[in-house]
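> Here is a sequence together with a model predicted from it:
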Amino acid sequence: MRNRNAPDIVVAEDIVGSAMAQLADSFEVYQDAGLWQRPDDLADVVSTARALIVRNRAQVTSELLQQADQLVVVGRAGAGLDNVDVQAASNLGIVVCSAPVQNATSVAEHTLALMLSLARRIPHADCSVRQGQWLRHEHTGIQLAGKVLGVIGLGNIGQRVATYGRTLGMQVIAHDPYLSPDSEAVAQLGCTLMPLSDLLSRADVATIHVPLTDATHHLLNRQAFELMKDSALLINTSRGPVVNEADLGEALTSGVIAGAALDVRETEPPDPNSPLHMLDNVVLTPHIAAFTTAAQNAVVEAVVADVAAVLDGQAASYYANFPRPQR
């Protein structure tokens with residue numbers, strides 16, 4: 001076991017749970033929940049570590065990885081890998097592992113909660129009652145049964161949302177450039193795969209479940225909103241920069257679309273003076289879709305298990321590049 005000046009594992013964010021305690025029984029662990037905010041300190045500590053565990057705030061860049069000569073594995077406690085330079089890690093022979101399925105159900109459930117909250121104006125009705133009002137007609141909502149649900153991205157989360165939509169009696173259509181219309185997943189979900197432009201023009205509710213890449217950055221912008229129905233609702237529980245917030249604000253203010261619910265933002269935390277915060281046709285939550293006890297425990301357990309396995313010379317189970325170090 002190494003001394004504290006040269007830990008086996010560096011944990012750069014607030015990651016807790018029984019699995020983390022077990023990890024500390026077998027390895028020298030250095031954890032600093034605010035380390036992600038100090039890039040120079042992070043680089044210094046990681047320079048002699050064998051493993052790095054992060055959530056979504058620490059930026060695991062090529063520069064950081066190149067300074068970590070002993071690093072063999074990066075564990076991302078979550079599904080997305082947009083804050084980890086996977087290609088740079090691969091070039092250096094470093095395993096990148098994550099938890100791609102462990103929080104999918106919780107995120108899908110939160111998507112459903114946002115959709116229902118927006119359609120039935122629940123946050124506004126709740127606020128009204130707490131202010132001593134009883135305004136029933138002013139909070140007339142939208143019945144989702146019979147409406148068209150457009151799922152953008154049919155991965156682990158998107159497939160669950162599609163299933164929930166069908167359970168509500170919605171017609172489900174989807175867009176995913178990586179799936180064939182004849183794929184088993186599409187057939188099992190009973191949905192119709194189509195180009196994004198067609199989905200946007202047909203959907204009563206459009207929900208986003210794609211990773212953040214160069215191709216998906218600002219995928220939903222002014223041009224996309226103009227294709228949508230003026231009664232349409234937009235839900236985003238994927239990544240904030242997939243939606244151009246300035247264009248969304250204009251679309252909501254001018255009536256191009258009817259409403260939006262966002263769990264993720266272009267900048268997190270967002271500017272408290274954002275125009276979106278002033279609109280009554282918007283529902284906002286602070287990136288909590290994956291934050292249930294069950295999901296967080298499962299995520300941490302999966303990442304801890306993979307990091308420990310790699311350090312013990314075994315193969316990772318949920319790897320993004322390769323199961324064992326190549327350095």
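Done, it's in.
> mind saving the C-alpha coords of stretch 124-142 as PDB?
Provided in PDB are the C-alpha atoms of stretch 124-142 (Å, rounded to 0.1, in the frame of the first residue of the first chain):
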ATOM      1  CA  HIS A 124     -47.500  26.400 -10.900                       C
ATOM      2  CA  ALA A 125     -50.600  24.900  -9.400                       C
ATOM      3  CA  ASP A 126     -48.800  23.900  -6.300                       C
ATOM      4  CA  CYS A 127     -47.400  27.500  -5.900                       C
ATOM      5  CA  SER A 128     -50.800  29.000  -6.400                       C
ATOM      6  CA  VAL A 129     -52.400  26.800  -3.700                       C
ATOM      7  CA  ARG A 130     -49.700  27.700  -1.300                       C
ATOM      8  CA  GLN A 131     -50.400  31.400  -1.900                       C
ATOM      9  CA  GLY A 132     -54.000  30.800  -0.800                       C
ATOM     10  CA  GLN A 133     -55.500  30.600  -4.300                       C
ATOM     11  CA  TRP A 134     -57.800  28.000  -5.800                       C
ATOM     12  CA  LEU A 135     -57.600  28.700  -9.600                       C
ATOM     13  CA  ARG A 136     -58.800  25.500 -11.300                       C
ATOM     14  CA  HIS A 137     -59.400  26.800 -14.800                       C
ATOM     15  CA  GLU A 138     -56.200  28.700 -14.900                       C
ATOM     16  CA  HIS A 139     -54.300  25.400 -14.500                       C
ATOM     17  CA  THR A 140     -56.000  23.400 -17.200                       C
ATOM     18  CA  GLY A 141     -53.500  20.900 -18.500                       C
ATOM     19  CA  ILE A 142     -52.800  18.600 -21.400                       C
END
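> and for that stretch, what are the contacting residues?
By CB atoms under 8 Å, 6 or more residues apart in numbering, the surrounding residues in contact with stretch 124-142 are A119, R120, R121, D204, L233, D280. To be clear about C-beta, it is placed using only N, CA and C from the backbone, and glycine gets the same treatment.
> Can you select the buried ones from the residues you listed in PyMOL?
Per 16 or more other CB atoms under 10 Å, the buried members of the contacts of stretch 124-142 correspond to this PyMOL selection:
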select buried, resi 119+120+121+204+233
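> The contacts of stretch 124-142 into CSV, with extra columns for distance to P211 and pLDDT?
Formatted as CSV, the contacts of stretch 124-142 follow (distance: CB to CB, whole Å; pLDDT from 0 to 100):
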residue, distance to P211, pLDDT
A119, 26, 98
R120, 30, 97
R121, 31, 96
D204, 25, 98
L233, 22, 98
D280, 31, 94
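> Out of the contacts of stretch 124-142, list just those in strands.
Members of those lying in strands (criterion: DSSP state E): L233.
> and the contacts of stretch 124-142, which two are the farthest apart?
D204 and D280 (19.7 Å; CB to CB).
> May I see the contacts of stretch 124-142 arranged in TSV, with distance to R327 as well?
Below are the contacts of stretch 124-142 laid out as TSV (distance: CB to CB, whole Å):
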residue	distance to R327
A119	51
R120	53
R121	55
D204	51
L233	48
D280	54
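> which stretches of this protein form strands?
Under DSSP E, the chain gives strands at 9-11, 29-31, 51-54, 73-76, 95-97, 148-152, 171-175, 192-193, 205-208, 233-236, 259-262, 282-284.
> Contact partners for the residue nearest the centre of the chain?
Geometric centre of the chain, nearest residue: S238, 4.1 Å, by CA atoms, centre = their mean. By CB under 8 Å, 6+ apart, the residues touching S238 are G80, G153, I157, I208, H209, V210, P211, L212, V264.
> Compute the number of surrounding residues for V101.
15 (other CB atoms under 10 Å).
> Next, work out how far apart it and R327 are.
According to CB to CB, to the nearest Å, V101 stands 27 Å off from R327.
> Please apply the same query to I53.
18 Å.
> nearest spatial neighbour of D82, skipping sequence neighbours?
L212 (4.1 Å; CB to CB, 6 or more residues apart in numbering).
> Just the pLDDT at that neighbour, thanks.
Note for L212: predicted pLDDT of 94.
> try L227
98.
> give the contact list for the nearest residue to it once chain neighbours are set aside.
Residue nearest to L227 in three dimensions, not counting chain neighbours: L200, with 4.2 Å by CB to CB, 6+ apart. By CB under 8 Å, 6+ apart, the residues touching L200 are G150, A206, A224, L227, M228.
> give me the number of residues near the closest residue to A68 other than its chain neighbours?
With CB to CB, 6+ apart as the criterion, A68 has its nearest non-adjacent residue at 4.7 Å, and that residue is V46. Using other CB under 10 Å, the number of residues around V46 comes to 26.
> How much space separates V46 from G158?
In terms of CB to CB, V46 sits 34 Å off from G158.
> same deal with N56?
For N56 relative to G158 (CB to CB), the value is 19 Å.
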